[in-house]
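Student: Sharing a model that was predicted from the sequence below.
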Amino acid sequence: MGSVLIIGTGYVADLYMRSLKTFPLLRIKSVYDRNPRRLAQFCSYWGVTGSESRDKLIDSSAADDVILNLTNPAEHFVVSLACLQAGRHVYSEKPLSTNMADARALYALAAEKQVLLASAPCSILGQSAQTLWRAVRDEVAGKSLIAYAELDDDFISQAPYAKWISESGAPWPYEDEFRVGCTLEHAGYYLTWLIGIFGSVKTVIAASAALIKNKAGTNNMAPDFSVATLLFESGVVGRLTCSIIAPHDHRLRIIGSRGVLELEECWDNNAKVRFRRRFVIKRRLINSPIARRLQLRGPTHPKVKRRGAAAMNFALGPVEMLSAIRERRPCRMSADLALHLNEVTLAIQNGGLDSGAQNMETRCAPIEPMSWAMKNS
């Protein structure tokens, strides 16, 4: 299948390793972290080989390998830049960059070097997203008109987050999480679904706010709440909320001309997708209280057991990239998608700084569905 190399062995790296293990033919060639103690702990737990430096790891990679950039968000640009300059394919954790100038620079360099560049999240390639997408294509609920997406994670600043430890012993990076903000960290989960299904966002109308002061004892002012209206070029209108204040709610509903498609959780690749038909009884308009579950026939992809809040296979993106390299085809997790996702996310994050609508400059076509999702449902 191919090889991956990992830069950054913090909390999220364990989620990737557990997911990568579901693909037995995939090889972990080398890993690196600037913290020697953390690197040794990670290598011992997972039985992988550590590299002495970032540059040595990059030098040891082959042209058809993929380097996973799992560093903290502030380091995403410089690490991806070094990999791209060496002519290596890069799959970065979100966001691609914390500003658009750097994101555009990475995009241009990848094109110049003729290598692939992608960013997480990759759950659009998962079973629940592909099932929902198939229902949209088949117009199960009629023509899609509105999408309501919620990414509220409860009052995290009051949670025992200092006790959250990864599988191999890495602490949850709460300072980074609070510094970056929940929108940059989480909006991509549903944005990739909506952009992948409906295509480019033309206009973003957003508001964001930092409501809880001194999270984790720091004077951090990153937004902990945001809400956005997304106007897609396809004509669909979306609404997305993100917060680490409101009670947990990860629902997605796509409202069509004949009913509603819905699911409860985007962090579970096996979340149930349901359809509620709209009809009239005795002059009353009803959305059916009984929802019909929609399922795809046949095998889809390897699943991972729930770990903490998620039951997602984080390896679907890197594996898609490796497959695209081997098969010499476009990658579903494209640089166009990564750049557009970055622009839309930043427009939402910065909604409290500007008034009015923001017109997007980047574009991204709907991505190709997974081959197993094209079969009869």
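Tutor: Sure thing, it's come through. Numbers count the residues shown, from 1 in each chain.
Student: the helices in the stretch 101-250 of the chain, which residues?
Tutor: Taking DSSP state H, counting those that start in this stretch, the helices of the stretch 101-250 of the chain run over residues 127-137, 174-180, 182-198.
Student: same thing with the stretch 251-377 of the chain?
Tutor: Secondary structure of the stretch 251-377 of the chain (DSSP H, counting those that start in this stretch): helices at 316-327, 335-349.
Student: Deepest in the core, which of those helices is it.
Tutor: Highest mean neighbour count of these: helix 335-349, a mean of 25 (counted as mean count of other C-beta atoms under 10 Å). Quick note: C-beta positions are derived from backbone N, CA and C, even for glycine.
Student: Just put the helices of the stretch 101-250 of the chain in a markdown table and tack on mean pLDDT.
Tutor: Formatted as a markdown table, these follow (pLDDT from 0 to 100):
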| stretch | mean pLDDT |
| --- | --- |
| helix 127-137 | 98 |
| helix 174-180 | 91 |
| helix 182-198 | 97 |
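Student: looking at those helices, which is closest to Leu70?
Tutor: Nearest to Leu70 among these is helix 174-180 (12.1 Å), distances taken as C-beta to C-beta.
Student: Run through who's touching that closest one.
Tutor: With C-beta atoms under 8 Å, 6 or more residues apart in numbering as the test, helix 174-180 has contacts from 72-74, 95, 98, 156-157, 161-162, 164, 185, 215-216, 218, 220, 222, 224.
Student: Strands - which of those residues land there?
Tutor: Per DSSP state E, strands hold no members of those.
Student: if we can go back for a sec, and Gln85, which of the helices of the stretch 251-377 of the chain is closest to it?
Tutor: Comparing the helices of the stretch 251-377 of the chain by their distance to Gln85 (C-beta to C-beta), the top pick is helix 335-349, with 15.5 Å.
Student: According to the record, where do the domains of this structure fall?
Tutor: Using automatic domain parsing, the domain parsing of the chain gives 2-119, 124-301+334-373.
Student: Need the nearest residue in space to His250, chain neighbours excluded.
Tutor: Glu265 (4.8 Å; C-beta to C-beta, 6 or more residues apart in numbering).
Student: can the domains of the chain go into JSON lines with extra columns for distance to Phe314?
Tutor: Output for the domains of the chain, formatted as JSON lines (distance: least, C-beta to C-beta, whole Å):
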{"stretch": "domain 2-119", "distance to Phe314": "4"}
{"stretch": "domain 124-301+334-373", "distance to Phe314": "10"}
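Student: Which of those comes out lowest on mean pLDDT?
Tutor: Mean pLDDT values for the domains of the chain show the minimum at domain 124-301+334-373, a mean of 94.
Student: That domain spans what distance, first to last residue?
Tutor: 12 Å (C-alpha to C-alpha, to the nearest Å).
Student: How far does that domain sit from its chain's centre?
Tutor: Put simply, domain 124-301+334-373 sits 10 Å off its chain's centre (C-alpha atoms, centre = their mean, to the nearest Å).
Student: Identify the residues contacting the closest residue to Asp154 other than its chain neighbours.
Tutor: Leaving aside its sequence neighbours, Asp154 sits nearest to His248 (C-beta to C-beta, 6+ apart; 4.6 Å). His248 makes contact with 152-154 under the criterion C-beta under 8 Å, 6+ apart.
Student: before we move on, back to that, Ile58: which of the helices of the stretch 101-250 of the chain is closest?
Tutor: Closest approach to Ile58 among the helices of the stretch 101-250 of the chain is made by helix 174-180 (23.2 Å; C-beta to C-beta).
Student: right, and Tyr45 touches Glu167 too?
Tutor: Yes: Tyr45 lies in contact with Glu167 (C-beta atoms under 8 Å); the separation is 7.3 Å.
Student: Now for these two: what residues contact both?
Tutor: Counting by C-beta under 8 Å, 6+ apart, Tyr45 and Glu167 have no shared contacts at all.
Student: Quick one: the helices of the stretch 101-250 of the chain as CSV, columns for mean neighbour count and distance to Ser243 too.
Tutor: Shown next, in CSV, are the helices of the stretch 101-250 of the chain (neighbours: other C-beta atoms under 10 Å; distance: least, C-beta to C-beta, whole Å):
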stretch, mean neighbour count, distance to Ser243
helix 127-137, 23, 22
helix 174-180, 20, 13
helix 182-198, 25, 6
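Student: Pull out the buried residues from the contacts of helix 174-180.
Tutor: With burial judged by 16 or more other C-beta atoms under 10 Å, the buried subset of those is 72-73, 95, 98, 156-157, 161, 185, 215, 220, 222, 224.
Student: nearest to Leu252, of those?
Tutor: Leu252 lies nearest to Glu185 out of those, by C-beta to C-beta, at 17.8 Å.
Student: helix, strand or coil for Arg18?
Tutor: What DSSP: H, G, I helix; E, B strand; the rest coil gives for Arg18 is helix.
Student: Run a quick neighbour tally on it.
Tutor: 19 (other C-beta atoms under 10 Å).
Student: what does the one 4 residues further on give?
Tutor: Neighbouring residues of Thr22 were enumerated by other C-beta under 10 Å; the total is 16.
Student: Is it correct that it is in contact with Phe314?
Tutor: No: judged on C-beta under 8 Å, Thr22 makes no contact with Phe314 at a distance of 9.9 Å.
Student: So for these two, which residues contact both of them?
Tutor: Contacts common to Thr22 and Phe314, judged by C-beta under 8 Å, 6+ apart, are absent.
Student: Look up the closest residue to Lys29, ignoring the ones flanking it.
Tutor: Distances taken as C-beta to C-beta, 6+ apart put Ser3 closest to Lys29, at 4.4 Å, once the chain neighbours are dropped.
Student: Please report phi then psi for that neighbour.
Tutor: Backbone torsions for Ser3, taken as degrees, to the nearest 10, come to phi -130, psi 150.
Student: quick one: contacts for it?
Tutor: 26-29, 61-62, 64-66.
Student: Do you have the strands of the stretch 251-377 of the chain handy? List them.
Tutor: 252-256, 259-263, 273-281, 284-287, 292-294, 358-359 (DSSP state E, counting those that start in this stretch).
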